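Visitor: 3D, please:
(2 chains)
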Amino acid sequence: TCWCGFKMTQVIAAMETQLSNGPTCNNTSNGPSTISNNCSSPVESGSIEDSKTNLIVNYLPQNMTQEELKSLFGSIGEIESCKLVRDKITGQSLGYGFVNYVDPKDAEKAINTLNGLRLQTKTIKVSYARPSSASIRDANLYVSGLPKTMTQKELEQLFSQYGRIITSRILVDQVTGEETILSRGVGFIRFDRRIEAEEAIKGLNCQKPPGATEPITVKFANNPSQKTSQALLSQLYQSPNRRYPGPLAQQAQRFRLDNLLNMAYGVKSRFSPMAIDGVTSLAGINIPGHAGTGWCIFVYNLAPDADESILWQMFGPFGAVTNVKVIRDFNTSKCKGFGFVTMTNYDEAAVAIASLNGYRLGDRVLQVSFKTNKTHKA
DNA sequence: TAGAATT
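Guide: Numbering: from 1, shown residues only, chains lettered A, B, ... in the order given. Below is the predicted model:
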């Protein structure tokens, strides 16, 4: 199994960064080998009414559904519409979507609170959507032959003379620890408009950047390769220690999923013949927290001002979260001290519980467990 | 020498 050597303190350290600093613009965890920027996309002047309410959400986890997207962003305010963009043929998520709020204030709040949120292996980006038009399509360039010493900033400086850069990225070899990032000498530049990209090709393809010994190649990028369901599965379930980048722990607690599954239900793993879809096929066994649509987790000792966003921030990094709910007093709207989180996969829920139970949030120590029948219904 | 940024 690949579920060995899981470093618990690493998870907590990474999470604390997120909780204390709030959402950031750091996208380094989107893919094992990339660095990228996170240029916001300011609203274009004189555009349609949606310009202050419509958001584009990038770097979504591959398995996140439109309903989960709506659930996440609906925790901010009323949503007018929500769309996850999918491949027309396979139906696979393309990893981005749109959320249009009723109130521009909620759109702004969503950018402030959800941009930079870590969900599984991704750090989502939330920004205003530009008005859809043909001129902004096919504006992405693939650049190769870059000097290995060239930084992302230098790359942007080189290309910015041709137009407004929406995103830039230099691919890097896998990061070991927090240092030593080695450029692969290739990257991407997305311009605001296709004509800008065309001009950049004319001006920079086969040219040597300042100080470089070799010319670079600049061309339109191909579409991202489709992944097979097999590859998606392995991305989801392999190498868990890659999923929580952060400082290496000196005294790492070790967590073994198989042990926990064995202790709990006597099953070897989610792929055991006994467990077609996790452990739900274990007929006749009363399984705590299992609500049919996922695993309901009880979170106790939340502060009165706790909101849904804190639950997304805490549980999102551990796997697929489909819903969060803070239980509030009807009159005061203050949190009554507890809430619920629904996670799709048992193993991810188990890791989240093992990691977050006893976690100190502010001056409170959380109690986190599978929801039992005697507690409040979600 | 390959990322899921325009519904």
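Visitor: what's in contact with stretch A:143-158?
Guide: Contact with stretch A:143-158 is made by A:35-37, A:165, A:168-170, A:182-183, A:185-189, A:204, A:209-218, as judged by Cβ atoms under 8 Å, 6 or more residues apart in numbering. In short, each C-beta sits where N, CA and C put it, glycine included.
Visitor: Kindly report the residues of the stretch 101-250 of chain A close to DNA strand B.
Guide: Applying Cβ under 7 Å from any atom of the strand, we find that the stretch 101-250 of chain A lies next to DNA strand B at A:125, A:127, A:129-132, A:136-137, A:139-140, A:142, A:144, A:166-167, A:169, A:171, A:184-186, A:188, A:190, A:217, A:219, A:221-227.
Visitor: so of the residues you listed, which ones are in strands?
Guide: Judged by DSSP state E, the subset of these located in strands is A:125, A:127, A:140, A:142, A:144, A:166-167, A:169, A:171, A:184-186, A:188, A:190, A:217, A:219.
Visitor: filter those to the buried ones?
Guide: A:125, A:127, A:140, A:166, A:167, A:169, A:171, A:185, A:186, A:188, A:190, A:217 (16 or more other Cβ atoms under 10 Å).
Visitor: Okay, and the beta partners of the third one?
Guide: By that I understand residue A:140. residue A:190 (DSSP bridges).
Visitor: give me every residue that touches the nearest residue to residue A:166 once chain neighbours are set aside.
Guide: Nearest non-adjacent residue to residue A:166, counting by Cβ to Cβ, 6 or more residues apart in numbering: residue A:190, 4.4 Å away. Neighbour list for residue A:190: A:139, A:140, A:141, A:165, A:166, A:167, A:168 [criterion: Cβ under 8 Å, 6+ apart].
Visitor: okay, residue A:190: pLDDT?
Guide: For residue A:190, the model assigns a pLDDT of 98.
Visitor: how far away is it from residue A:341?
Guide: Residue A:190 sits 34 Å away from residue A:341, going by Cβ to Cβ, to the nearest Å.
Visitor: Tally up the residues packed near residue A:101, please.
Guide: By the criterion of other Cβ atoms under 10 Å, residue A:101 has 25 neighbours.
Visitor: Which pair of the buried ones among the ones in strands among the residues of the stretch 101-250 of chain A next to DNA strand B spans the longest distance?
Guide: A:127 and A:217 (29.2 Å; Cβ to Cβ).
Visitor: what comes into contact with stretch A:65-78?
Guide: Contacting residues not belonging to stretch A:65-78 are listed as A:55, A:57, A:60, A:79, A:82-84, A:93, A:97, A:99, A:101-103, A:105-106, A:109-110, A:113-114, A:307-309, A:312, A:320-324 [Cβ under 8 Å, 6+ apart].
Visitor: tell me the domain boundaries of chain A?
Guide: Domains of chain A are assigned by automatic domain parsing as A:42-129, A:288-378.
Visitor: Dump those domains to a markdown table, plus distance to residue A:151 and mean pLDDT.
Guide: Converted to a markdown table, those look like this (distance: least, Cβ to Cβ, whole Å; pLDDT from 0 to 100):
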| stretch | distance to residue A:151 | mean pLDDT |
| --- | --- | --- |
| domain A:42-129 | 20 | 92 |
| domain A:288-378 | 28 | 91 |
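Visitor: Quick one: the ones you listed as a markdown table, columns for distance to residue A:195 too.
Guide: Converted to a markdown table, the domains of chain A look like this (distance: least, Cβ to Cβ, whole Å):
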| stretch | distance to residue A:195 |
| --- | --- |
| domain A:42-129 | 16 |
| domain A:288-378 | 38 |
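Visitor: so where is the stretch 151-300 of chain A shaky, pLDDT-wise?
Guide: A:175-180, A:226-288, A:291-292 (pLDDT under 70).
Visitor: Would you map the helices across the stretch 101-250 of chain A?
Guide: A:104-114, A:152-159, A:194-204, A:229-237 (DSSP state H, counting those that start in this stretch).
Visitor: Name the nearest residue to residue A:216, ignoring sequence neighbours.
Guide: residue A:145 (4.3 Å).
Visitor: Just give the number of residues close to that neighbour.
Guide: Neighbour number of residue A:145 under other Cβ under 10 Å is 16.
Visitor: What separation do you get for it and residue A:59?
Guide: Counting by Cβ to Cβ - residue A:145 and residue A:59 are separated by 26 Å.
Visitor: Residue A:215 too?
Guide: Counting by Cβ to Cβ, the separation of residue A:215 from residue A:59 is 31 Å.
Visitor: If you count surrounding residues, which of these two has more?
Guide: residue A:59 (21 against 13).
Visitor: quick one: the more buried one from residue A:122, how far?
Guide: Where residue A:122 is concerned, residue A:59 sits at a distance of 5 Å (Cβ to Cβ).
Visitor: my read: residue A:305 touches residue A:333, true?
Guide: No. Assessed by Cβ atoms under 8 Å, residue A:305 is found out of contact with residue A:333, at 10.0 Å.
Visitor: May I have stretch A:351-362 as PDB, with CA atoms only?
Guide: Written as PDB, here are the backbone C-alpha positions of stretch A:351-362 (Å, rounded to 0.1, in the frame of the first residue of the first chain):
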ATOM      1  CA  VAL A 351      -7.500  10.900   8.200                       C
ATOM      2  CA  ALA A 352      -9.300  14.200   8.700                       C
ATOM      3  CA  ILE A 353     -10.800  13.100  12.000                       C
ATOM      4  CA  ALA A 354      -7.500  11.600  13.200                       C
ATOM      5  CA  SER A 355      -5.700  14.800  12.400                       C
ATOM      6  CA  LEU A 356      -8.300  17.300  13.500                       C
ATOM      7  CA  ASN A 357      -9.700  15.800  16.700                       C
ATOM      8  CA  GLY A 358      -8.000  17.600  19.500                       C
ATOM      9  CA  TYR A 359      -6.800  20.400  17.200                       C
ATOM     10  CA  ARG A 360      -6.500  23.700  18.800                       C
ATOM     11  CA  LEU A 361      -8.500  26.400  16.900                       C
ATOM     12  CA  GLY A 362      -7.900  29.700  18.600                       C
END
